[in-house]
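In: fold the following and give me the result.
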Amino acid sequence: MSKKIDYKKELNRAQLEAVESINGPYLVIAGAGSGKTRVLVHRAAYLVEQGISPDQILLLTFTRRAAEEMLRRASLLLDERCRNISGGTFHSFANMILRKYAKLLELNNNFTILDQADAEDAVNLLRVQLGYHKSEKRFPRKHAILEIISKSVNKSEDIADVIYDEYPQFMEFSEEIKKIRQEYNKYKRQKSLLDYDDLLIFLKELLTRHEDVRASISAKYRYIMVDEYQDTNKLQAHIACLLAADHANIMVVGDDAQSIYSFRGANFKNIIDFPKIFKNTKIITLEENYRSTQPILNLTNAVIAQAKERFEKHLYTEKKEGNIPVFLDCPDENSQSRYVADKILELREEGVALKDIAVLFRSGWHSNDLEVELSSRNIPFAKYGGQKFVEAAHIKDILSYLRIAYNGLDQVSWLRALLLIPKIGPKTASKIIEAIVNNTVDQDWLCKNGELIKLFELLKSVDCKHDQPAKIIEKFLGYYQPLLKNKYDDFNKRLSDLDSLLRIAERYKTTEQFLVDMALEPPERSLVEAGKRDKDDTTLTLSTIHSAKGLEWHTVFLIYVAEGHLPSYLSLETDDEIEEERRLFYVAATRAKVNLFLLKPHIDRSPRSFMDGGGSVFTQVSRFLEQGGLLNKFVDVQGAGNADVWDDVEIEDIIGEKRQRNKEFFETMEEYFRE
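Out: Model prediction:
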C-alpha cells in the first residue's frame, strides 16, 4: 500500500530523520522555532502508518491540551487511528495507571487528588496540630513548607539538603518540617488523598517494586515519546526510563537551551545525561528555524554559545534579511515605559496588530510602571500569568462540595464547606468533621443549624456514580448562591465564573474525570480576576519570560535587560543559576519573529535599589549582552526616542542639581515656618 503522506516533501532533512527513526533510543535537540511539534505529529502518524498499533504508542507532554492538539493534527495528517494513541501528561498517565493498580500499593482506587491550595491547607492543619505555629521564632508558613516538601520529592533530595540550598533561613526547623512531611503522608493515606507529587511517587514505586506490572506496562507501550524533556524533573525522567527499560524504544524531544524551570524542580541534567543512561542513543539536531529572521538568530546563537554546558547547534533560517535587534539605554524606568508605548502605537499604525506584540520581563513587578503608562494611553493589554480559574475562592467552594460527595473522608474540603455556613467557626467545624469521620453524627445536635441540615440532605441526594457532574453542580449552585451573596460584595461578577464552571462540567460524563482534570489540567484564569477586555480591539501581551515559553510574536520588547534584573540578583550565587538566567534571556529573544527591542533604565529606582540602601543606582547592561562584545557585534544601540541616553557624568550632574534644589527648598521652608 502506498504511503498517504509524502514525508520528504513536508519535512526538512533533520526532521525527516527524526520522524523515520523507529527502534532504539533517540534524543532530538530541537532548537527554538525548528518545528519540534511538527516532528512529533508526523512521527506519530509515521509509526501508525508503519503498522504499529496506536495503543502501543505513548506520547507524554506537559499539558493535556498539547497532547490532544498533536494527536488531532496527526489524525488530520493520516486518519482517525491516531486518535487511539495514548497521550497526556506524566500526572494524568500516573493517575490512569494508579486507578488500575491501586490495591498493589494499598491505595483506594477512588482517591481524591489535592490541588495546590488544598494541599497547603492540609499542611497548615498539621502545622497547627503539632503546635509549631506557637514557635517563638517565625516558623515557615504553609506555602513554604509544602514547597520544601515538593522540591524534596521532585529533586529526589533530602529535605535538609533542599533547606540548606534554597531556604537557609529555615535550617533550624529542618527536623520539624520532616515531622510535618511524615504526618502529612499519614494524613493523606488515612483520607484517600493524593497530591500532585504522590501521583509520580506512587507510579515510580509501582514500577520499581512490582517487576511484573512494569514489564506488562512496558510491553503495552512499546514506543514512547516525551515532549519538552528539558523540563522534566528527576522523578519524571526516572519514570520515562523505567517504562522504556525493556525495549529502549524511546524518543525524547527538547532543547537544553530552553531549560528554565528549575524552580519547579526541572533538572537540566536530564536532557544532558540522557545519552549516558541509554548508551546507544542517536542524537538528532533540528537547526533550521522557521520563526525568526537571521539577524535575531545571530544574536541568540552568540548568547547561547557562551553557555558552559550545552549541545552544539547553530540556528539558521531562509529569512536572511531583517531588522537588527535594537538596544536602548533609557534614562529611567518611566522613559523605558514611554518608549515602549510610543513604539507600540507606531507599529500599530504600520499595521502590526496588538495581539502580535509582546513585552517580556524577568519578574512580574518589572511591568508595573509600564502598565500605568499603557493605561494612560488607552492601550489594552493582558498580563500573564495570573490567578488560575480553580484558585478563585468561589470556584474552590463549589468544588469542595463535589469532592465531599465523591470522597466523604476529604477533610480539607469538609472544612472549607463548613466554614461557609454562618455561625460555624474552625473549632465547631473540627468537631463536626471528627463526628463525620467516626460516623458519630448526632442528628439532634445537627438540628441546631438549619444550613448544616440542608447541606447534609443535599449530599444524600447526590449520586456521583450515576449522576453527571453538571447535574450535581446545578444542585450545589442552588444551595451555594445565598452563601455566595453573603460572603462576597462582588457576587454578581462571580456568577459568570460559576456559569463557566457549569459549562465546563457539561463536557464530562463522570465526576471522577471532572475532578481529576480540575486538579491536573485546570482552566488558566478566573474571568473575575482577569478583568474586562476591550471588545473592539486586540490586546497587547505583557508576560514573564517563564509564561512566554512556547509562544511567538511579530515584535518583542524585553525590558530591564540589566545586571540584577536579567540575570536576577537572586540568581548570582552559583554558576548553575546564572546559566539558567542565560537560557531565560535566550528564550525571551527567540520569541521574536521580526522585531526585537532590548531596553534597560540607566537609573534604577526599583525596590531592589532601595533594599541596597539607596534610592537610585546606576545600572549595568546584562552580562549576556556584554560577554564576547555581543552588544557591538549583533545589536543596534540607539537613543530612547525623545528621552536621549545620558552618560553617567551627565546623570550625576542632574541628580546633584536636584539635590541642591531640594536642600534650598527645605531651608526656605524651615525658615518660613520658624517665622
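In: for P168, grab the count of nearby residues.
Out: 8 (other C-beta atoms under 10 Å). C-beta coordinates here come from the backbone N, C-alpha and C atoms, glycine included.
In: okay, it: pLDDT?
Out: pLDDT recorded at P168 is 85.
In: that one and D161, how far apart?
Out: P168 sits 12 Å away from D161, going by C-beta to C-beta, to the nearest Å.
In: the spatially most central residue of the chain and D161, how far apart?
Out: With distances taken as C-alpha atoms, centre = their mean, S547 lies nearest the centre of the chain, 6.7 Å away. Taking C-beta to C-beta as the measure, S547 and D161 are separated by 29 Å.
In: rewinding a little: now what about the strand or helix carrying the residue nearest to the centre of the chain, what contacts it?
Out: Applying DSSP states H and E as the criterion places S547 in helix 545-548. The contact list for helix 545-548 (C-beta atoms under 8 Å, 6 or more residues apart in numbering) reads 260-261, 358, 360-362, 384-385, 541, 584, 587-588, 591.
In: can you tell me which of the residues you listed are buried?
Out: 260-261, 358, 360-362, 384, 541, 584, 587-588, 591 (16 or more other C-beta atoms under 10 Å).
In: in helices only, show me the residues you listed.
Out: 584, 587-588 (DSSP state H).
In: helix or strand with the lowest mean pLDDT in the protein?
Out: Within the chain, no helix or strand scores below helix 527-530, which has a mean of 35 by mean pLDDT, DSSP states H and E.
In: run me through the strand neighbours of the longest strand anywhere in the chain, direction for each.
Out: Taking DSSP state E as the criterion, the chain has its longest strand at strand 592-601. Using DSSP bridges, strand 592-601 pairs in its sheet with strand 326-330 (parallel), strand 553-558 (parallel).
In: what about stretch 323-343, how long is it end to end?
Out: 15 Å (C-alpha to C-alpha, to the nearest Å).
In: how far away from the center of its chain is it?
Out: 28 Å (C-alpha atoms, centre = their mean, to the nearest Å).
In: give the buried residues for that stretch.
Out: 325-343.
In: what does stretch 270-290 give?
Out: In stretch 270-290, counting by 16+ other C-beta under 10 Å, buried: 270-272, 274, 277-278, 281, 284-289.
In: now, which of those residues lie within strands?
Out: Short answer: those in strands (DSSP E) are 284-286.
In: F456: which of those is nearest?
Out: Lowest distance from F456 to those (C-beta to C-beta) belongs to L286, with 59.0 Å.
In: neighbours of the closest residue in space to that closest one that isn't next to it in sequence, how many?
Out: Take L286 and drop its neighbours on the chain: the residue closest to it by C-beta to C-beta, 6 or more residues apart in numbering is S34, 3.8 Å away. Neighbourhood size, S34 [other C-beta under 10 Å]: 25.
In: contacting residues for S34?
Out: S34 touches 286-290, 315, counting by C-beta under 8 Å, 6+ apart.
In: for A245, what is the enclosing helix or strand?
Out: Residue-wise, A245 maps onto no helix or strand under DSSP H and E.
In: ok, it touching S218?
Out: Yes: contact criterion C-beta atoms under 8 Å: A245 and S218 qualify, at 6.6 Å.
In: so the two - more neighbours on which side?
Out: A count of neighbours by other C-beta under 10 Å puts S218 above the other of A245 and S218, at 18 against 15.
In: verify the assumption that V352 is located in a helix.
Out: No: V352: not assigned to a helix; according to DSSP: H, G, I helix; E, B strand; the rest coil it is coil.
In: got phi/psi on it?
Out: phi -90, psi 120 (degrees, to the nearest 10).
In: would you check that it makes contact with H554?
Out: Yes: assessed by C-beta under 8 Å, V352 is found in contact with H554 at 5.5 Å.
In: for K633, helix, strand, or coil?
Out: Per three-state DSSP, K633 ends up helix.
In: please name the nearest non-neighbouring residue to it.
Out: K633's closest residue in space is A302 (C-beta to C-beta, 6+ apart), at 6.9 Å.
In: and I421, by the same measure?
Out: E451 (4.6 Å).
In: can you tell me the element the one you found falls in?
Out: helix 450-460.
In: show me the contact partners of that helix.
Out: 401, 404-405, 417-418, 421-422, 424, 432, 441, 446-447, 475-476, 479, 483.
In: one more: stretch 234-242?
Out: Contacts with stretch 234-242, where a contact means C-beta under 8 Å, 6+ apart, come from 60, 90, 94, 153-156, 197, 200-201, 203-204, 207-208, 214, 218, 224, 226, 229, 232, 250, 252, 265, 267, 270, 277-278.
In: of all the strands paired with strand 592-601, which one comes closest to I603?
Out: strand 326-330 (9.1 Å).
In: run through who's touching that closest one.
Out: By C-beta under 8 Å, 6+ apart, the list of residues contacting strand 326-330 reads 336, 339, 561, 595-602, 621, 625, 631, 635-640, 643, 645.
In: any idea how far L345 is from R591?
Out: Taken as C-beta to C-beta, the span from R591 to L345 is 21 Å.
In: doesn't E287 make contact with G35?
Out: No: with contact defined as C-beta under 8 Å, G35 does not reach E287; the gap is 10.6 Å.
In: so what's the residue count around K186?
Out: Count around K186 with other C-beta under 10 Å applied: 11.
In: now do it, the pLDDT please.
Out: 93.
In: that one sits in which helix or strand?
Out: With DSSP H and E as the criterion, the answer for K186 is helix 174-191.
In: I'd like to know which elements that helix is packed against.
Out: Contacts defined by 3 or more C-beta pairs under 8 Å, 6 or more residues apart in numbering; DSSP states H and E place helix 174-191 against helix 116-129, helix 142-154, helix 159-166.
In: CSV for those, including mean neighbour count and distance to D499?
Out: Below are the helices and strands packed on helix 174-191 laid out as CSV (neighbours: other C-beta atoms under 10 Å; distance: least, C-beta to C-beta, whole Å):
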stretch, mean neighbour count, distance to D499
helix 116-129, 20, 22
helix 142-154, 21, 30
helix 159-166, 17, 41
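In: for S461, find the nearest of those helices.
Out: helix 116-129 (24.4 Å).
In: could I have the CA atoms of that closest one written out in CSV?
Out: Extracted as CSV, the C-alpha positions of helix 116-129 are listed here (Å, rounded to 0.1, in the frame of the first residue of the first chain):
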residue,chain,number,x,y,z
GLN,A,116,-2.1,23.2,45.4
ALA,A,117,-4.3,25.2,47.7
ASP,A,118,-5.9,22.2,49.4
ALA,A,119,-2.5,20.6,49.9
GLU,A,120,-1.3,23.8,51.6
ASP,A,121,-4.4,23.8,53.9
ALA,A,122,-3.7,20.2,54.9
VAL,A,123,-0.1,21.1,55.7
ASN,A,124,-1.3,24.1,57.7
LEU,A,125,-3.7,21.9,59.7
LEU,A,126,-0.9,19.6,60.7
ARG,A,127,1.4,22.6,61.4
VAL,A,128,-1.1,23.9,63.9
GLN,A,129,-1.9,20.4,65.4
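In: with just CA atoms, put the helix holding S547 into CSV.
Out: Output of helix 545-548 as CSV, limited to C-alpha atoms (Å, rounded to 0.1, in the frame of the first residue of the first chain):
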residue,chain,number,x,y,z
ILE,A,545,9.6,35.1,30.3
HIS,A,546,8.6,31.8,32.0
SER,A,547,5.0,32.3,30.9
ALA,A,548,6.0,33.2,27.3
